[in-house]
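# Quick check, what structure comes out for this input:
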Amino acid sequence: MNKKGQMKIQQMAFMLIAVTLLFVFVGIFFIKIMLSEVNQSAESLEEKNALLTVARLADSPEFSCGSAFGTSKSNCVDFDKVMSLSEISDRYSSFWGVEGINIRRIYPAIEGVCTTENYPDCGEINLFSEEGVGVSNFISLCRKSEQGNVCDVARITVYYGGGDE
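Below you'll find the model as predicted:
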């Protein structure tokens with residue numbers, strides 16, 4: 001009779017361990033799902049922040065034309081300001097909270113990355129790096145020249161850290 005009682009106690013102990021392990025695995029699965037949703041939410045917020053940054057970046061004092069070209073223009077970027085900003089962009093790397101900013105001239109299409117030697121006959125300015133996911137918007141890229149004010153069509157792209165797995 002004593003062995004039968006010990007066997008029942010062992011069976012009960014194994015069942016308790018099995019039920020406990022089941023609840024632990026269910027708990028781990030639930031936590032994994034919740035963390036996945038938190039990750040997706042964080043990426044979504046980062047993307048929304050980048051979209052808002054693109055929308056307001058062209059009108060920020062560091063980029064905007066202001067009234068330098070006559071009347072105040074919206075979504076107008078001063079090419080001269082951006083060119084001088086690109087030379088000291090390492091000081092501004094954390095100012096906007098993005099991974100990188102790229103401005104590419106679309107019309108007239110000109111190839112080449114802008115430097116002080118080839119300015120204004122260049123087509124692209126990189127501020128910081130081009131890592132992460134990019135969000136872009138069309139802008140007017142204006143500068144002063146001997147012929148007067150010259151405005152081109154350009155695309156500003158803001159890169160944020162999304163997409164990293």
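# Count the neighbours of the closest residue to Val113 other than its chain neighbours for me.
Nearest residue to Val113, sequence neighbours excluded (C-beta to C-beta, 6 or more residues apart in numbering): Glu124, at 5.1 Å. C-beta: built from backbone N, CA, C; applies to glycine. Neighbour count for Glu124, taken as other C-beta atoms under 10 Å: 15.
# Ok, Gly100 next?
20.
# I'd say it and Glu131 touch.
Yes. Counting by C-beta atoms under 8 Å, Gly100 touches Glu131, with 6.3 Å between them.
# list residues touching both of the two?
Common contact partners of Gly100 and Glu131 (C-beta atoms under 8 Å, 6 or more residues apart in numbering): Tyr159.
# Can you list the low-confidence ranges for this structure?
1, 68-71, 89-90, 93, 130, 162-165 (pLDDT under 70).
# Which helix or strand lies directly C-terminal to the longest helix along it?
The single longest helix within the chain, with elements called by DSSP state H, is helix 2-57. Counting by DSSP states H and E, the next helix or strand C-terminal to helix 2-57 is strand 76-78.
# helices or strands next to whichever helix or strand comes after that following strand in the packing?
Next in sequence after strand 76-78, counting helices and strands by DSSP H and E, comes helix 79-87. Packing partners of helix 79-87 (3 or more C-beta pairs under 8 Å, 6 or more residues apart in numbering; DSSP states H and E): strand 124-128, strand 133-145.
# Out of those strands, the one nearest Ser41 is which?
strand 133-145 (15.9 Å; C-beta to C-beta).
# tell me what the helix or strand following the closest one is packed against?
Counting by DSSP H and E, the element after strand 133-145 in chain order, helix or strand, is strand 148-160. Contacts defined by 3+ C-beta pairs under 8 Å, 6+ apart place strand 148-160 against helix 2-57, strand 76-78, strand 100-107, strand 133-145.
# let's see 10 Å
helix 2-57, strand 76-78, helix 79-87, strand 100-107, strand 124-128, strand 133-145 (3 or more C-beta pairs under 10 Å, 6 or more residues apart in numbering; DSSP states H and E).
# Would you confirm that Cys114 contacts Asp121?
Yes. Look at Cys114 against Asp121 with C-beta atoms under 10 Å: they come within range, at 8.9 Å.
# who has more neighbours, those two?
The neighbour comparison of Cys114 against Asp121 (other C-beta under 10 Å) goes to Cys114, with 21 against 10.
# residues near the nearest residue to that one once chain neighbours are set aside, how many?
Nearest residue to Cys114 in three dimensions, chain neighbours excluded: Cys122, at 3.8 Å (C-beta to C-beta, 6+ apart). Residues near Cys122, counting by other C-beta under 10 Å, number 17.
# Thank you, goodbye.
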